[in-house]
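Novice: Quick one: sequence plus predicted model below, questions after.
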Protein chains: 2
Amino acid sequence: MNYHYEENEKKISVAVIRRLPRYFRYLRGLIEQGITRVSSAELARMMEVTASQIRQDLNCFGGFGQQGYGYNVEHLYDQICELLGVKDNYRAVIIGAGNLGRAIVRSPMFERRGVTPVAMFDISEDIVGNTVGNIPVYHMKDLETFCRVHKVDIGILVLPKDQAEGALTVLEKAGVRGIWNFTSAELNTENEETLVENVHLGDSLMTLCYRLRSNGVFGDTENSKTED
Amino acid sequence: MNYHYEENEKKISVAVIRRLPRYFRYLRGLIEQGITRVSSAELARMMEVTASQIRQDLNCFGGFGQQGYGYNVEHLYDQICELLGVKDNYRAVIIGAGNLGRAIVRSPMFERRGVTPVAMFDISEDIVGNTVGNIPVYHMKDLETFCRVHKVDIGILVLPKDQAEGALTVLEKAGVRGIWNFTSAELNTENEETLVENVHLGDSLMTLCYRLRSNGVFGDTENSKTED
């Protein structure tokens, strides 16, 4: 299929949206290095895509570079943060306090992206009542009330696959709209408000296996050897 | 940019390759349900893409449907497994026996994709010498010899970010070609043989935040509400 966007439309295509977090990472890297401006050619070299792709993508949301100056890194970063809702301060709960839940809750990615983990939930008596990092672990039976009272935006599913559907139902009842699903369960919902984002780690592993098999040869330059 | 492929070329574009794991998952689901054939229209409805996209993708590697019959599910699944190297039986080591390493090593995704985790490595005296699941945890100082002797194909980096580069160097010396990087380190390597596949969980989180912000409205139908 052809990914495309209409320059005069307000809607930005999913393809562009899915590339924005990558711009976010690279621009943050530049800011950390104290770099204040960057040309589309330099950004293209770093990200191993074409300069024309960069200009197209950034033009989509009004990130216009200036001839002979390039892009103002901080301004571009702010625009992307704004667009991605980094400053919206979403609240998240983590359902499952097993190894994956514990690994995730400590990740710096939340703070960087304006998401605050507020609680974890589990059913194991050994874990409930404790904290992981500074995050309290509550019993699953308190999930619905907690989410309602604390106006939780995101439920992160890191529990056994066969319990994912049940947790989803509770989260939806409590008005949680965003579901970040790490289980391999295919979640079906009647609720049109619910947004499910699936993490398929296995897909990434398979891509690596294919690249090993084909000796790294791809028919395309998109997605370079060192960057996904 | 336009993703494209040439029907008469042997090379398959990265874009198609990156979609194959998704076909793999859906086809496995059909097999588990005992379904033996599927039309491009049915597959399109399930996967929420167009039937023409499906026909294009599958034609790329000779997965031709038959008029009035559709695709033979098992045959198509086998072809995708073959293409993705599912039967190549790659050996993987997991570098880091913290929460994320422990979560990953137990995942059924490895077996399903023909990858065998053979060992974990860490530096903590509390963990080295133990097993996680059935997988032994060795000391990092044994990493190079182990990988060389056991002809390890894949190194999975789930260690602190600032130690990623060092682990990469050792893995490369030992002839490990595939690197599955869960750290946020940008890995740079001089070695053209090395293939790095990065897992950027934060990108997926940001996409979810964007969708929450924009009320789930996308300018495109690729990547549906329930499937990434």
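Specialist: Everything's here; your move. Numbering: from 1, shown residues only, chains lettered A, B, ... in the order given.

Novice: the longest strand in chain A is where?
Specialist: Identified as the longest strand of chain A according to DSSP state E is strand A:115-122.

Novice: What's the first helix or strand after that one?
Specialist: Using DSSP states H and E, the helix or strand that follows strand A:115-122 in sequence is strand A:131-132.

Novice: just how off-centre is that next one within its chain?
Specialist: The chain centre lies 23 Å from the centre of strand A:131-132; the measure is Cα atoms, centre = their mean, to the nearest Å.

Novice: mind listing what's buried in the lengthiest helix in chain A?
Specialist: When chain A is parsed with DSSP state H, its longest helix is helix A:14-32. The neighbour-count check on helix A:14-32 (16 or more other Cβ atoms under 10 Å in any protein chain shown) flags A:14-27, A:30 as buried. (Each C-beta comes from the backbone N, C-alpha and C, glycine too.)

Novice: give me the low-pLDDT residue ranges for chain A?
Specialist: A:1-11, A:63, A:216-228 (pLDDT under 70).

Novice: which stretches of it form helices?
Specialist: Assigned by DSSP H, the helices in chain A fall at A:14-32, A:40-47, A:51-59, A:73-84, A:99-105, A:109-112, A:143-149, A:164-173, A:201-213.

Novice: Not counting residues beside it along the chain, what's closest to A:Leu30?
Specialist: A:Val73 (4.9 Å; Cβ to Cβ, 6 or more residues apart in numbering or on different chains).

Novice: residues in contact with that neighbour?
Specialist: By Cβ atoms under 8 Å, 6 or more residues apart in numbering or on different chains, the contact list for A:Val73 reads A:Leu27, A:Leu30, A:Ile31, A:Ile35, A:Thr36, A:Arg37, A:Val38.

Novice: got it, and A:Thr207?
Specialist: Counted by Cβ under 8 Å, 6+ apart, A:Thr207 has contacts A:Asp228, B:Ile17, B:Arg18, B:Pro21, B:Glu197.

Novice: can you check A:Ala44 too?
Specialist: Contacts of A:Ala44 (Cβ under 8 Å, 6+ apart): A:Thr50, A:Ala51, A:Gln53, A:Ile54.

Novice: do you know how far the residue of chain A positioned farthest from its centre is from A:Arg37?
Specialist: Distance from the C-alpha centroid of chain A peaks at A:Gly68, with 33.2 Å (Cα atoms, centre = their mean). In this view, A:Gly68 and A:Arg37 are 11 Å apart by Cβ to Cβ, to the nearest Å.

Novice: What of A:Ile104?
Specialist: 35 Å.

Novice: Tell me which of those two has more neighbours.
Specialist: Neighbour totals were compared for A:Ile104 and A:Arg37, and A:Ile104 leads with 25 against 16 (other Cβ atoms under 10 Å in any protein chain shown).

Novice: Quick one: residues contacting the more buried one.
Specialist: A:Ile94, A:Ile156, A:Val158, A:Phe182, B:Leu201.

Novice: at 7 Å instead, please
Specialist: Each residue near A:Ile104 by Cβ atoms under 7 Å, 6 or more residues apart in numbering or on different chains is listed here: A:Ile94, A:Ile156, A:Val158.

Novice: again, but for A:Gly175
Specialist: A:Cys147, A:Arg148.

Novice: now A:Val86
Specialist: Contacts of A:Val86 (Cβ under 7 Å, 6+ apart): A:Arg113, A:Gly114.

Novice: Share the number of residues neighbouring A:Glu42, please.
Specialist: 16.

Novice: Report the separation between it and A:Leu27.
Specialist: 12 Å.

Novice: do A:Leu76 as well
Specialist: Relative to A:Leu27, and taking Cβ to Cβ, A:Leu76 is found at 6 Å.

Novice: again with A:Ile154
Specialist: Where A:Leu27 is concerned, A:Ile154 sits at a distance of 24 Å (Cβ to Cβ).

Novice: again, but for A:Arg177
Specialist: Separation of A:Arg177 from A:Leu27 (Cβ to Cβ): 28 Å.

Novice: Check A:Asp126 too.
Specialist: 43 Å.

Novice: got it, and A:Leu212?
Specialist: 31 Å.

Novice: again with A:Leu195
Specialist: 25 Å.

Novice: And chain B, is stretch A:123-135 touching that?
Specialist: No: against chain B, stretch A:123-135 shows no contacts by Cβ under 7 Å from any Cβ of the partner chain, the least distance being 9.2 Å.

Novice: then that stretch to PDB, C-alphas only?
Specialist: C-alpha atoms of stretch A:123-135 as PDB (Å, rounded to 0.1, in the frame of the first residue of the first chain):
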ATOM      1  CA  ILE A 123      -4.100 -11.100  42.900                       C
ATOM      2  CA  SER A 124      -1.100 -12.600  44.700                       C
ATOM      3  CA  GLU A 125      -1.300 -12.100  48.400                       C
ATOM      4  CA  ASP A 126       2.500 -12.000  48.500                       C
ATOM      5  CA  ILE A 127       2.600  -8.900  46.400                       C
ATOM      6  CA  VAL A 128      -0.600  -7.000  47.200                       C
ATOM      7  CA  GLY A 129       0.100  -4.400  49.900                       C
ATOM      8  CA  ASN A 130       3.700  -3.900  48.900                       C
ATOM      9  CA  THR A 131       5.300  -1.300  46.600                       C
ATOM     10  CA  VAL A 132       7.400  -1.600  43.500                       C
ATOM     11  CA  GLY A 133       9.700   1.400  43.200                       C
ATOM     12  CA  ASN A 134       7.300   3.900  44.800                       C
ATOM     13  CA  ILE A 135       4.200   2.500  43.200                       C
END
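
Novice: Before I go, just wanted to say thanks for your time.
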